[in-house]
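>>> the sequence and its predicted three-dimensional model are supplied below.
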There are 2 protein chains.
Amino acid sequence: MEASAALTHVHEDIVRRVNEIMPCEEELFDLAELFKVFGDSTRVRILFVLFESEMCVCGLAELLGMTQSAISHQLQVLKKAKLVRYRREGKTIFYSLADGHVRAILDQGMEHITE
Amino acid sequence: MEASAALTHVHEDIVRRVNEIMPCEEELFDLAELFKVFGDSTRVRILFVLFESEMCVCGLAELLGMTQSAISHQLQVLKKAKLVRYRREGKTIFYSLADGHVRAILDQGMEHITE
DNA sequence: CATATATATGAACGATAGCTCATATGAAAG
DNA sequence: CTTTCATATGAGCTATCGTTCATATATATG
């Protein structure tokens, strides 16, 4: 009922059109959570490394000059967001990019900041 | 000199290729800052509204059921990231999307979460 | 100038995030 | 089974973020 409350500043047909395209609460939450993952330069650096090659945790740590623990924590965040995959080979675990969306999103972001 | 320090876990040619594609520190920072802006559902909702129509601050506040202050603060964040523009008309200020990257980035994000 | 309306802004508070440190898990080798 | 190496994880600390509240700025009107 409150959705039809009088909105003194917004025309009725705009309210209707907005309601049509606005994602549901869950999608909005998931979308924001996804972009939060891209919103940290450590994680972005990890993703750029994985553009070139799959890599183990200690390799990423060495290459980025950070502790194994810090990298591992961030890899869990990337994994939870389904942005990276991993495979085990003995004691080593190799991480790689999950799909092409990662590149597409970062490319769009790069375009925005470099114009 | 430290860039050529021995990396026991990473092959030399991978280090070189990563260094070639890795954005500089400033770009990495700006990129992460940009995605942080998309990493809040209130700001995402504002952007979805602006897909349909430019809108004043109190219109956004009414439509999204939030205070004028909260919306205004977030609009400043969006403005700082160059994601929205504004024009004044008397006492009212109308906000609108700055460019097409906003849509492209959100579309890519939606694709990722809905698959 | 005083008032009303629209918007912006600074301080404060609670919640969240990223790193460090210590420790746990898990696989291979002896 | 014990040791070793790679990785994961939980607790704790500091910093940052989003909202609220109070107030300031700015434009129009009388």
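Cool, the structure landed. Numbering: from 1, shown residues only, chains lettered A, B, ... in the order given.
>>> torsion angles phi and psi at residue A:47?
The phi/psi pair for residue A:47 (degrees, to the nearest 10) reads phi -60, psi -40.
>>> can you tell me the closest non-neighbouring residue to it?
residue A:102 (5.8 Å; Cβ to Cβ, 6 or more residues apart in numbering or on different chains). Just so you know, the C-beta spots here come from the backbone N, C-alpha and C atoms, and that holds for glycine as well.
>>> so that neighbour is in which element?
Following DSSP states H and E, one finds residue A:102 within helix A:101-113.
>>> buried residues, that helix. List them.
The neighbour-count check on helix A:101-113 (16 or more other Cβ atoms under 10 Å in any protein chain shown) flags A:101-102, A:104-106, A:108-110, A:112-113 as buried.
>>> pLDDT of it, averaged?
Mean pLDDT, computed over helix A:101-113, is 96.
>>> show me what that helix is packed up against.
helix A:25-38, helix A:41-52, helix B:25-38, helix B:101-113 (3 or more Cβ pairs under 8 Å, 6 or more residues apart in numbering or on different chains; DSSP states H and E).
>>> again, 6 Å this time
helix B:25-38, helix B:101-113 (3 or more Cβ pairs under 6 Å, 6 or more residues apart in numbering or on different chains; DSSP states H and E).
>>> and DNA strand D, which of these is closest to it?
Among those, helix B:25-38 comes nearest to DNA strand D, with 5.8 Å by Cβ to the nearest atom of the strand.
>>> avg pLDDT for the closest one?
98.
>>> show me what contacts residue A:78?
With contacts defined as Cβ atoms under 6 Å, 6 or more residues apart in numbering or on different chains, the neighbours of residue A:78 are residue A:84.
>>> SS state for it?
helix (DSSP: H, G, I helix; E, B strand; the rest coil).
>>> so how far is DNA strand C from it?
Computed as Cβ to the nearest atom of the strand, to the nearest Å, the residue A:78 to DNA strand C distance reads 10 Å.
>>> again, but for residue A:43
7 Å.
>>> quick one: stretch A:98-111 near DNA strand D?
No: contact between stretch A:98-111 and DNA strand D is absent, the nearest approach being 14.3 Å (criterion: Cβ under 7 Å from any atom of the strand).
>>> what residues does that stretch touch?
Contacts of stretch A:98-111 (Cβ under 6 Å, 6+ apart): A:47, A:82-85, B:31, B:34, B:101, B:104-105, B:108, B:112.
>>> mind checking how far it is from the chain centre?
9 Å (Cα atoms, centre = their mean, to the nearest Å).
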